[in-house]
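S.K.: Everything below, folded, please.
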Amino acid sequence: MISALKKFCMMSFALALCACSSMNNNEAMPERFSDLHFDNKAPIELMVKQVDVKSEFTPTFQRPNVEHLFPVSIEKTAKTWAHERLKAVDSASNRTAEFIIQDASVTEREIPAEQFLQKDSLKYHANLKVTLRVIDSKATAQTTVEAYRELTMPVDTNIEDKEMYWNDMVTKLFKAFDEHMQTNTEKYLNMYIKNNSAVTVF
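M.R.: Modelled structure (predicted):
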């Protein structure tokens, strides 16, 4: 009887170890949302020796700010955009470029229902503001792009659906940002873009 009990306890302990090992496996809990990437597009080739990516944005981790709750970080995605879409191609020059993230925030605001028996709502406002600056010995040129998206959902939306809507919000935010930054760079920093037909000779 005692021997059988010992065998049962050992088997239970072995099963518990297997369960713990399985939960620590990275493949056991796959991420629901993937980081955004932009390397499917041709890089913007800047006639500078390097591109410095900086962030001046400091999250508060307090409401109404909720960017820290998003499954995909706006600040991190902006840095990814800079690394994948901006390329320094003139190592011999004394020019440098700065990609400065000034805002990457999301705020949450509760909106009372307008009619009886209607649910209150949550309104989210995501804002991304970035300045791209080229500095050389003669002058400084820059362009600033500010993109935003807004989203409203019922106050009792579950967390799984919230994350899905938030992820879609960030994806659309960067689609707009990517288009506007490409346009602005070609318009206001065209003299620093390689093989640009409107380039001013340095």
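
S.K.: Starting from the lowest-mean-pLDDT helix or strand in the chain, tell me the next helix or strand along the chain.
M.R.: Within the chain, confidence by mean pLDDT, DSSP states H and E is lowest for helix 2-23 among all helices and strands, at a mean of 37. Next helix or strand after helix 2-23 toward the C-terminus (DSSP states H and E): strand 44-46.

S.K.: How about the contacts made by E75?
M.R.: For E75, the contact set (Cβ atoms under 8 Å, 6 or more residues apart in numbering) comprises 55, 57, 59, 67, 101, 104. Heads up, the C-betas are built off the backbone N, CA and C, glycines and all.

S.K.: Distance check, the third one against T140.
M.R.: Computed with Cβ to Cβ, to the nearest Å, the distance linking P59 and T140 is 29 Å.

S.K.: Which stretches in this structure count as helices?
M.R.: For the chain, the helices defined by DSSP state H cover 2-23, 74-85, 159-188.

S.K.: Count the residues that sit near F99.
M.R.: For F99, the count of nearby residues is 21 (other Cβ atoms under 10 Å).

S.K.: In space, what's closest to it - neighbours in sequence excluded?
M.R.: Leaving aside its sequence neighbours, F99 sits nearest to A82 (Cβ to Cβ, 6 or more residues apart in numbering; 4.2 Å).

S.K.: try D52
M.R.: For D52, the spatially nearest residue (Cβ to Cβ, 6+ apart) is E98, at 5.1 Å.
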